[in-house]
Structure formats: structure tokens, C-alpha cells
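Chemist: fold the following.
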Amino acid sequence: MATILEYKCPCCAGVINFDSTRQKMRCQYCDTEFDIETLEQFNSEMPDGQADADPDWESLGEGERWQDGEDSGVGVYTCSSCGGEIVGDETTAATSCPFCGSSVILTGNLLGTYKPDYVIPFKIDKDAAKAAMKKFLEKKPLLPDSFKTDSRIDSIQGMYVPFWLFDCDVDAAIKYRATRVTHWSDSNYNYRKTDHFLLVRAGDIAFERVPVDGSSKMDDAYMESIEPYDYGGLESFSMPYLSGFLADKYDVDEKDSIPRANDRIRNSTYNAFSSTTVGYTTCRPVNTNIKLNGGATKYALLPVWVLNTKYEGKIYPFCMNGQTGKFVGQLPVDKAKWWKWFLGISGACMAIAGAIASLVMFL
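Modeler: Numbers count the residues shown, from 1 in each chain. A predicted model of the protein is given here:
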């Protein structure tokens, strides 16, 4: 069962969150800052307090009960700041109390076969994420006005997404058939010459930390679109980095992620070899032999700003790399604006065509 971990300020007992701008833990009330190592040491030395005793309430009697298996995957936790109940599923690792807003870490939900090896802390805070999204939306003239509201943008959330990082070596050999076409002419004829080539490319490539997201909740295409991450920012995993953000534990394990990792590695190998076959009119592979070996895997939590917003019954997702600021998303189109824009363009084209026709008749 998950236990709740909250970081409190030693100075004022306020909530301490990770500040992505300062890259330190900061109290929201007195602005005191702490290094991660200092806070962890202080927290480990604090004795655990005794929980308050709860009264023995009478049974609900004949009220409706959960059926067997109906409540599986759902956990209810008690906020140690205000006593409010926090509901999360079995993969929720960090969240916030809906009553007092305190950041909480459900430490038990991070436990499993694997503990995270690494974490990349957020480098972009919520204000910067909101500003980037607002600037992006302002450049979309056909976007519904209601989609640009501050209240909608304010619901963007920072989340640590679980990723498997794959290392492996690749031995590859690819044969291509290529042609080079040459044209020339004289006073009598046009000439065309086609030369045919057999190209062989072979070599070794080492891949490090190829990411595959380990959450079934996240769209793989979106997670790959906001790459790359700068792995120079990898830190050894530490609980305080999660404070103030949402976090999920993997629900797609290492073995189930291997096929996607293999596909990514093979495609990258193929693209790397194909990039050396320039200078030909045509070039196509006729034989491909790509062998992967020496694989190793690490488990990491990577930062993503997420906004899933509903418009006219459809969910439009938006994701931003919490380290680099690269983002991707789907946007709706205001039909009234589209028709107004279309009719305006059509009218302008008709006016130009009419002016040209009049000028031709005049000439």
C-alpha cells in the first residue's frame, strides 16, 4: 500500500516544492530554499509522528457495496496536511491534495519490480509553459476564441512520465541498387545514359538511452514528437524532484517495451546508412541485415507538460517537453471563422480575376 510523503519547510512548516527555475526545493510561503541533498537528510532524520486514532463508526448496514474487482486499481489516501482524501490509481506516484493543494508523493506506488534510476528535473516552470502555449495559440487565426482563454491554459499540468532507456550495439549490412542518369544533347539528338551500381554499406553503431515511454496513458507518437531530451540533465533519482508535480509509475513493463525499442533502433540504423547513399538518381535497398546485441535498460522519469482539453465533445491533447520546451498538439478549427476566411479568399480571388479580365478587354 502506498504511503504519503510530503516535504514541509523546517522554518515555517509550509509546503516545499521543486522549483524548476532555481533547480532547488523552495517553500511556497517563506521562500526559503533548500538543496535536494540537504532536504533529504533533514527529512530522514525527522522522527515519524503518531497517527491520530479514528473512532469506530457503525456499519453502513444494507447500503450498496463495491463488487469484487470493481475497485481494483483505485487507492484512497489521506492528506497529512488537512486530512482530506486523495484518490489515485495504482500508477499515480505524485499528485496534489484537492482540498489544500499540498503536493504529495505516494511512495508505495513507485515501488515495484524497478525503482527509477534517473530523473530529468523540470527546467520550464508553469508560467513559462503557459506563456509558450499562449504565444503558440495566438498565431492560429482559425482557432475558436474559447480555446485561447487563460482559464483553459491554466489547467496545464506538469507530469513526470515513466520511460525505459535502451542501450544496445548494432551490427548492420545493407545492399542497395542505385542508378545515376546523365542527360546531354547535340544539334541532332538528345541523349540519356543510365549507370547502374550495387552499393554495400556495413558497420557498427552504438545506441545509448533510446527512450520508450512506459505509460499506456501517454500517446507514443506524442512522446516521440517532443524528443530529444538532453541527457546531460539526468540526475540520480530522488523523491524531492517529484514534489509539486504529477508523476506516474510505469504500467508497460520493460519486456513489453522491447519491440518498440527494436523498431526505433532499426529505423535509426536504416536512416543512418541511407544518408550515405547520396549522389544517385535512384537508390533502393535490396537486402537488409540488422542485428541488435548487448542490450541494457534503465528506468527514468522525464518531465512533460500536459494539457488535455475538450471542445465540442472531442479531446485535444497538448504536450510540451518540460526540459527543452518543444511541444506538439492537436487544435480545433472554428467553422464560422473558416467559412469567413474561405469566402474572403474566394472573394478576393474573384475580384482579382475580374480586374484582370477587364484589363485584357480594355487592351
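Chemist: got the buried residues for the strand or helix carrying Tyr160?
Modeler: Secondary structure assigned from DSSP states H and E places Tyr160 in strand 157-185. For strand 157-185, a neighbour-count test (16 or more other Cβ atoms under 10 Å) marks 158-168, 170, 172, 174, 176, 178 as buried. Glycine gets a C-beta too; all of them are placed from N, C-alpha and C.
Chemist: ok, now stretch 295-303?
Modeler: Those buried within stretch 295-303 under the rule 16+ other Cβ under 10 Å are Thr297, Lys298, Tyr299, Ala300, Leu301, Leu302, Pro303.
Chemist: now, which of those sits nearest Thr269?
Modeler: Closest approach to Thr269 among the buried residues of stretch 295-303 (Cβ to Cβ): Thr297, at 18.5 Å.
Chemist: could you point out which element follows the helix or strand hosting the closest one?
Modeler: According to DSSP H and E, Thr297 maps onto strand 282-311. Sequence-wise, the next helix or strand downstream of strand 282-311 (DSSP H and E) is strand 314-321.
Chemist: tilt between that next one and strand 282-311?
Modeler: In terms of direction (axes from the mean of the first three to the mean of the last three Cα atoms, to 10 degrees), strand 314-321 departs from strand 282-311 by 120 degrees.
Chemist: thinking again about what came up before, mind putting the buried residues of stretch 295-303 in JSON lines, pLDDT included?
Modeler: Below are those laid out as JSON lines (pLDDT from 0 to 100):
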{"residue": "Thr297", "pLDDT": "90"}
{"residue": "Lys298", "pLDDT": "91"}
{"residue": "Tyr299", "pLDDT": "91"}
{"residue": "Ala300", "pLDDT": "92"}
{"residue": "Leu301", "pLDDT": "92"}
{"residue": "Leu302", "pLDDT": "94"}
{"residue": "Pro303", "pLDDT": "93"}
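Chemist: turn the residues you listed into a markdown table, columns for distance to Asp251.
Modeler: Listed next are those as a markdown table, based on distance: Cβ to Cβ, whole Å:
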| residue | distance to Asp251 |
| --- | --- |
| Thr297 | 16 |
| Lys298 | 18 |
| Tyr299 | 13 |
| Ala300 | 16 |
| Leu301 | 14 |
| Leu302 | 16 |
| Pro303 | 19 |
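Chemist: quick one: which two of the residues you listed are the most distant?
Modeler: Farthest-apart pair in the buried residues of stretch 295-303 is Thr297 and Pro303; separation 20.2 Å (Cβ to Cβ).
Chemist: skipping adjacent residues, who's closest to Thr268 in space?
Modeler: One correction, residue 268 is Ser, not Thr. The spatially closest residue to Ser268, leaving aside those adjacent along the chain, is Phe207, at 7.1 Å (Cβ to Cβ, 6 or more residues apart in numbering).
Chemist: what's the answer for Thr282, then?
Modeler: Per Cβ to Cβ, 6+ apart, closest to Thr282 is Thr179, 4.7 Å.
Chemist: what distance do you get for that neighbour to Phe273?
Modeler: 18 Å (Cβ to Cβ, to the nearest Å).
Chemist: ditto for Leu302
Modeler: Leu302 is 29 Å from Phe273, where distance means Cβ to Cβ.
Chemist: what does Val328 give?
Modeler: Separation of Val328 from Phe273 (Cβ to Cβ): 28 Å.
Chemist: compare those two (neighbour count), which wins?
Modeler: Using other Cβ atoms under 10 Å, the more surrounded residue of Val328 and Phe273 is Phe273, with 21 against 16.
Chemist: now do the contacts for that one.
Modeler: Ala172, Ile174, Arg201, Gly203 (Cβ atoms under 8 Å, 6 or more residues apart in numbering).
Chemist: could I get those in JSON lines, plus columns for distance to Gln23?
Modeler: Putting the contacts of Phe273 into JSON lines (distance: Cβ to Cβ, whole Å) gives the following:
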{"residue": "Ala172", "distance to Gln23": "40"}
{"residue": "Ile174", "distance to Gln23": "44"}
{"residue": "Arg201", "distance to Gln23": "43"}
{"residue": "Gly203", "distance to Gln23": "40"}
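Chemist: JSON lines for those, including distance to Met218 and pLDDT?
Modeler: Shown next, in JSON lines, are the contacts of Phe273 (distance: Cβ to Cβ, whole Å; pLDDT from 0 to 100):
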{"residue": "Ala172", "distance to Met218": "30", "pLDDT": "93"}
{"residue": "Ile174", "distance to Met218": "33", "pLDDT": "94"}
{"residue": "Arg201", "distance to Met218": "35", "pLDDT": "94"}
{"residue": "Gly203", "distance to Met218": "34", "pLDDT": "93"}
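Chemist: who does the residue nearest to Ile290 when sequence neighbours are not counted form a beta bridge with?
Modeler: Distance criterion Cβ to Cβ, 6+ apart; nearest residue to Ile290, sequence neighbours excluded, is Ala172 at 4.5 Å. Beta-bridge pairing for Ala172 (DSSP bridges): Gly203, Ile290.
Chemist: any idea how far Ala172 lies from Val210?
Modeler: Distance from Ala172 to Val210, by Cβ to Cβ: 15 Å.
Chemist: for Thr309, same thing?
Modeler: 31 Å.
Chemist: would you list every one of the helices in this structure?
Modeler: Counting by DSSP state H, one finds helices in the chain at the ranges 36-45, 107-110, 126-138, 150-153, 220-225, 254-274, 335-362.
Chemist: what pLDDT, on average, does the last one get?
Modeler: So the one you mean is helix 335-362. Helix 335-362 shows a mean pLDDT of 55.
Chemist: what does the fifth one give?
Modeler: Mean pLDDT, taken over the full extent of helix 220-225, equals 91.
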